[in-house]
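Trainee: Predicted model and sequence follow; I will ask about them next.
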Amino acid sequence: MNSKAILHPRIYTVAEIAAVAQPYWAYVIFIALLNTVVITTVTQREVGYYKEFYFIVGSKWLIFIANFIVQTIFILCEVLAFSIVVMLALHSWYSSILISGFLTVLLAVLPVTMFLSILFIFRIKQQSLSIIGTFLIFVLFYLATLRGGTWLAQIVLLLNPYKFILVLSEQLTNVLTKTNLNLVSISQLLVMAGIFCILGLIGFSRFDIRPILERA
């Protein structure tokens, strides 16, 4: 989207609006889950808050889930607000874009959060995790530009959570607009969602509520 598109409006298609919105949706979902769910959890653990919350609540799952739900609501609001602004700016309104954005958030947040929870396996301090997270963002965004020629190559590329969200949003938009429905891509997304959830269960089951210094 550029100034010319705004100053000289025309009716844009769903595909054109989606091409603008989907990369932003994927960016917001991935960055928010990484920073406000996973890294925040590690930060709370290292300063001792998570341990205190655990003694009060009695479950590390409930603490994590509560923060996860709150952040999901914020992500939903941000994605929907951005989509509305884009459509108003381009003078083109499609309810399917709002529904697609809404469903993308709802269907992506759980598997992506579970995948990122694999970071809990490693004994990484808060400061180091922030650096790793920044590096991870640049690498994954670059890898998302690559194209897989075979079914296996496409599966490997979907291990990138940013790419996973992008493809998910594309397929949801296709389903809602009844265009270019790709059953192969949908099956790949289902496979990867299952793998993400399994990895997340492994990662979170090994999450220690004690700060790293207490375990040294």
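Mentor: Noted; the coordinates are in hand.

Trainee: What segments of the protein are helices?
Mentor: Shown for the chain, the helices assigned by DSSP state H span residues 3-7, 14-32, 40-46, 49-57, 60-89, 95-116, 126-143, 151-157, 161-177, 183-205, 212-215.

Trainee: Just name the most buried of those helices.
Mentor: When the helices of the chain are scored by mean count of other C-beta atoms under 10 Å, the highest mean neighbour count falls to helix 161-177 (a mean of 23). Any C-beta I mention is one placed from the backbone N, CA and C, and that applies to glycine too.

Trainee: what's in contact with it?
Mentor: Helix 161-177 is contacted by residues 14-15, 18, 22-23, 25-27, 29-30, 96-97, 99-101, 103-104, 107-108, 111-112, 115-116, 140-141, 143-144, 157-158, 180-182, 185-186, 188-189, 192-193, 196 when judged by C-beta atoms under 8 Å, 6 or more residues apart in numbering.

Trainee: I'd like the helices of the chain as CSV, with mean pLDDT appended.
Mentor: Below are those laid out as CSV (pLDDT from 0 to 100):
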stretch, mean pLDDT
helix 3-7, 53
helix 14-32, 91
helix 40-46, 83
helix 49-57, 81
helix 60-89, 92
helix 95-116, 94
helix 126-143, 76
helix 151-157, 79
helix 161-177, 91
helix 183-205, 89
helix 212-215, 66
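
Trainee: How far does stretch 29-36 sit from its chain's centre?
Mentor: Between the centre of stretch 29-36 and the centre of its chain there are 6 Å (C-alpha atoms, centre = their mean, to the nearest Å).

Trainee: All set now, cheers.
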